[in-house]
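give the three-dimensional model of this entry:
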Amino acid sequence: MENLTMGIPLKQPIVFELVGFDFPPEHGPFLFFLALFAYTVMLLGNGVVICVIMMDRSLHRPMFVMICHLVVCDLLGATAVVPRLMMHFLMGQQKISYFPAIAQAFSVHTYGVAMQTILGVMAYDRYIAVCEPLRYQAIMTSARLHSCCALAWIVALLLIAVLFSFHMNVPLCGRIIQHVYCSNRSILNLACIPTHINDIYGLSMTWSVSTGVFVIIAFSYIRILSASFKQRRTDSNAHKKALQTCAPHLVVYVFYQIASNIVIVSLRFPSVPQNIRKFFSILFIVFPPALNPFIYGLVSKDLRASIMKLFSIQVMRVGHKQ
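Here you go, the predicted structure:
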């Protein structure tokens, strides 16, 4: 008896066709260079941040280690989508086989969950730093730091692994994905049978993670604001420093929520044109990774000083060589 995968004989590989954006062919090169520019900005910005943190020993502190994890998460989501999108713009490449489609969808969903769990861990770190400054070193040890970061990734990977386990043995009756990139929902829309369990689990997981992280961040910042106002009475500089160290994390969280909620809202209104919906879904992948390095650099005084120091050293070296 012939073995089956997803209801299709193994000898017949599953190939999906992504509908992508509806644009005239002559606009393809322009869109390709636009995507290439955005991806290059993401790589350079995030690359500078992670290199500076690794090279400057004064930045080997929990907050900046967590920023490195956030950078890796940003690059995971962007790299899963943007290179293939550039191929679509330049060569009209719309076909994707089953395992690359699953890998892309898995990476996109992991990015979405890991971004939130890492931001939750960062909120806990900022809470300890501001509310328990004298005990910070004893509480946020190297072992605890790496355990918290590992836990953020493990939670995200396990939750998404369970989500994608529902794909096993689900027969597919279609091959056309009405989206720019592959996602759990876009693939299961092609299923020949109802996928209620997947829908219930997916909604429950999304609600639990988003609500849980929001509660952690809200609790942390209520305590941080309370502690900083108490410090203001005795030391105004300590009050300002506390708020400055927390600002990058809070700004990143707010922008991530704005991007994700725009996608959710656009998908709930059928009247929104398909190209607009697809653009917003790409915005969710591109916007936070492209913006986050500038937030770190502009708001974090220590990181900004290290970046300027590194570039000054490089300029001086070039000058001496000439």
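
all helices for this protein, in order.
Under the criterion DSSP state H, the chain contains helices at 28-55, 62-91, 98-131, 136-139, 142-165, 184-188, 196-234, 236-268, 274-299, 301-321.

in terms of mean pLDDT, which of those helices ranks lowest?
Looking at these, the lowest mean pLDDT belongs to helix 301-321 (a mean of 67).

in TSV: the helices of the chain, plus distance to Ile14.
Quick note: C-beta positions are derived from backbone N, CA and C, even for glycine. Output for the helices of the chain, formatted as TSV (distance: least, CB to CB, whole Å):
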stretch	distance to Ile14
helix 28-55	26
helix 62-91	17
helix 98-131	4
helix 136-139	50
helix 142-165	15
helix 184-188	10
helix 196-234	18
helix 236-268	25
helix 274-299	23
helix 301-321	45
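
these: which one's closest to Leu172?
helix 184-188 (7.8 Å; CB to CB).

and that closest one, what does it pack onto?
In terms of contacts (3 or more CB pairs under 8 Å, 6 or more residues apart in numbering; DSSP states H and E), helix 184-188 is packed against helix 98-131, helix 196-234.

chain center to the shortest one, what's the gap?
Meaning helix 98-131. Relative to its chain's centre, helix 98-131 lies at 6 Å (CA atoms, centre = their mean, to the nearest Å).

okay, the angle between it and helix 62-91?
Here helix 98-131 runs at an angle of 150 degrees relative to helix 62-91 (axes from the mean of the first three to the mean of the last three CA atoms, to 10 degrees).

sorry, back to before: how about the helices and strands packed on helix 184-188 in TSV, adding mean neighbour count?
Listed next are the helices and strands packed on helix 184-188 as TSV, based on neighbours: other CB atoms under 10 Å:
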stretch	mean neighbour count
helix 98-131	22
helix 196-234	15
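
Throw those into CSV and include distance to Cys246, thanks.
CSV is the format used below for the helices and strands packed on helix 184-188 (distance: least, CB to CB, whole Å):
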stretch, distance to Cys246
helix 98-131, 5
helix 196-234, 6
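
quick one: which of these is nearest Ile160?
helix 98-131 (4.8 Å).

between that closest one and helix 142-165, how many degrees?
Using the same axes, to 10 degrees: helix 98-131 against helix 142-165 is 150 degrees.

let the chain start at 2 from now.
I'll keep to 2 as the first residue from here, and by that count the last item is helix 99-132.

what helices and strands are in contact with helix 99-132?
Helix 99-132 is packed against strand 16-19, helix 63-92, helix 137-140, helix 143-166, helix 185-189, helix 197-235, helix 237-269, helix 275-300, with contacts defined by 3+ CB pairs under 8 Å, 6+ apart.

just the pLDDT for Cys193.
pLDDT at Cys193 comes out at 84.

coming back round to it: which one of the helices of the chain lies closest to Gly21?
Judging the helices of the chain by CB to CB, what sits closest to Gly21 is helix 63-92, at 4.9 Å.

how far off helix 275-300 does that closest one point, in degrees?
Taking the same axes, to 10 degrees, one finds helix 63-92 and helix 275-300 inclined to each other by 150 degrees.

pull out the buried residues from helix 63-92.
By 16 or more other CB atoms under 10 Å, the buried positions in helix 63-92 come out as 63-72, 74-83, 85-87, 89-90.

ditto for stretch 144-161
Neighbour-count burial for stretch 144-161, counted by 16+ other CB under 10 Å, picks out 146, 149-150, 153-154, 156-157, 160-161.

what's the answer for stretch 265-282, then?
Of the residues in stretch 265-282, 267, 278-279, 281-282 count as buried by neighbour count, 16+ other CB under 10 Å.

which pair of those residues spans the longest distance?
Spanning the widest gap among those are Ser267 and Lys279, at 9.3 Å by CB to CB.

thinking again about what came up before, any chance of the helices and strands packed on helix 99-132 in a markdown table, with distance to Ile103 too?
A markdown table is the format used below for those (distance: least, CB to CB, whole Å):
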| stretch | distance to Ile103 |
| --- | --- |
| strand 16-19 | 10 |
| helix 63-92 | 11 |
| helix 137-140 | 40 |
| helix 143-166 | 7 |
| helix 185-189 | 8 |
| helix 197-235 | 14 |
| helix 237-269 | 21 |
| helix 275-300 | 17 |
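
ok, which of those comes nearest Val49?
Per CB to CB, nearest to Val49 of the helices and strands packed on helix 99-132: helix 275-300, 6.7 Å.

ok, and what's touching stretch 208-217?
Contacts with stretch 208-217, where a contact means CB atoms under 8 Å, 6 or more residues apart in numbering, come from 114, 117-118, 120-121, 124-125, 160.
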